[in-house]
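> starting from these lines, generate the structure:
(2 chains)
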Amino acid sequence: KAGVTQTPRYLIKTRGQQVTLSCSPISGHRSVSWYQQTPGQGLQFLFEYFSETQRNKGNFPGRFSGRQFSNSRSEMNVSTLELGDSALYLCASSVYPKGTDTQYFGPGTRLTVL
Amino acid sequence: TQLLEQSPQFLSIQEGENLTVYCNSSSVFSSLQWYRQEPGEGPVLLVTVVTGGEVKKLKRLTFQFGDARKDSSLHITAAQPGDTGLYLCAGEGAADSWGKLQFGAGTQVVVTP
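Below is the predicted model:
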């Protein structure tokens, strides 16, 4: 079974631009969560989607948004990029977003904002 | 603000030595997970503990969940260079935090031959 895939793997943008990242969960998984990983803050939860609905959101500004499609694939968008948005963005999928359900992480998208 | 405190932040040991990583919180978690992450990759789940006092073993790795479900430890026996990586603990809180894991800052482990 294929793992979680994220595209693109690497991205370089400049301040003020916007970016869209994509995540394809493992087949059969309906929950997708997004995390931001930085050296200073570690892994921080962005949001979680299940059945095309955002059910949980972390403490990030409204510039960060996402959506989930009927096939469970998810995208996240960051508008008006800032230097501090440089990070590894990880998505994780699970069959159902319960604590005992394993979250499988993708390899991440490394975003660099210049 | 990290609700999960991991210690130590960095650990460098020789092959064959033992090591323990700690994960502490003032909050109660319904479950706690340990991950290992290697450079350029996403975290890979090692174990999930759910019951207070639970002990799980995975070959040379032993995981323990505190009785009050607020803390956990990871012990590696006879460490090998392949154990090198960033070890992360992550907890899930109340039922309405589905899909949301709170991560510790991580412990970077380096095992030298």
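
> name the residues that touch the lowest-mean-pLDDT helix or strand in chain B?
Each helix and strand of chain B was given a mean pLDDT (mean pLDDT, DSSP states H and E); the minimum falls on strand B:102-103 at a mean of 90. Strand B:102-103 has contacts (Cβ atoms under 8 Å, 6 or more residues apart in numbering or on different chains) with A:35, A:42-45, B:2-4, B:88-93. Using the backbone N, CA and C atoms, a C-beta is placed for each residue, glycine as well.

> turn the buried ones among those residues into a named ChimeraX selection, would you?
With 16 or more other Cβ atoms under 10 Å in any protein chain shown as the criterion, this ChimeraX line picks the buried residues out of the contacts of strand B:102-103:
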select /A:35,42,43,44,45 /B:4,88,89,90,91,92,93
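
> tabulate the contacts of strand B:102-103 (CSV), appending pLDDT.
Formatted as CSV, these follow (pLDDT from 0 to 100):
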residue, pLDDT
A:Tyr35, 95
A:Gly42, 90
A:Leu43, 93
A:Gln44, 94
A:Phe45, 92
B:Gln2, 49
B:Leu3, 80
B:Leu4, 90
B:Leu88, 97
B:Cys89, 95
B:Ala90, 92
B:Gly91, 89
B:Glu92, 83
B:Gly93, 74
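
> dump the contacts of strand B:102-103 to a markdown table, plus distance to B:Arg36.
Below are these laid out as a markdown table (distance: Cβ to Cβ, whole Å):
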| residue | distance to B:Arg36 |
| --- | --- |
| A:Tyr35 | 16 |
| A:Gly42 | 15 |
| A:Leu43 | 13 |
| A:Gln44 | 19 |
| A:Phe45 | 19 |
| B:Gln2 | 19 |
| B:Leu3 | 21 |
| B:Leu4 | 16 |
| B:Leu88 | 8 |
| B:Cys89 | 11 |
| B:Ala90 | 12 |
| B:Gly91 | 17 |
| B:Glu92 | 18 |
| B:Gly93 | 22 |
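
> narrow the contacts of strand B:102-103 to those in helices?
The members of these all map outside helices under DSSP state H.

> of the contacts of strand B:102-103, closest to B:Arg69?
Ranked by distance to B:Arg69 (Cβ to Cβ), the contacts of strand B:102-103 are led by B:Gly91 at 8.8 Å.

> so that closest one touches B:Ser26, yeah?
No - in this structure B:Gly91 lies outside contact range of B:Ser26 using Cβ atoms under 8 Å: 11.5 Å.

> which neighbours do those two share?
Contact criterion Cβ under 8 Å, 6+ apart; residues shared by B:Gly91 and B:Ser26: B:Leu3.

> which ones are touching B:Lys100?
A:Ser33, A:Phe45, A:Glu48, A:Asn56, A:Gly58, B:Glu92, B:Gly93.

> ok, now with 10 Å
Taking Cβ atoms under 10 Å, 6 or more residues apart in numbering or on different chains as the criterion, B:Lys100 is in contact with A:33, A:35, A:45-48, A:55-58, A:97, A:99, B:90-94.

> before we move on, what SS does it have?
At B:Lys100, secondary structure determined by DSSP: H, G, I helix; E, B strand; the rest coil is coil.

> what's the separation between it and A:Ala92?
Using Cβ to Cβ, to the nearest Å, one gets 11 Å for the distance from B:Lys100 to A:Ala92.

> mind listing the shared neighbours of those two?
Common neighbours of B:Lys100 and A:Ala92, using Cβ under 10 Å, 6+ apart, are A:Ser33, A:Tyr35, A:Phe45, A:Glu48.
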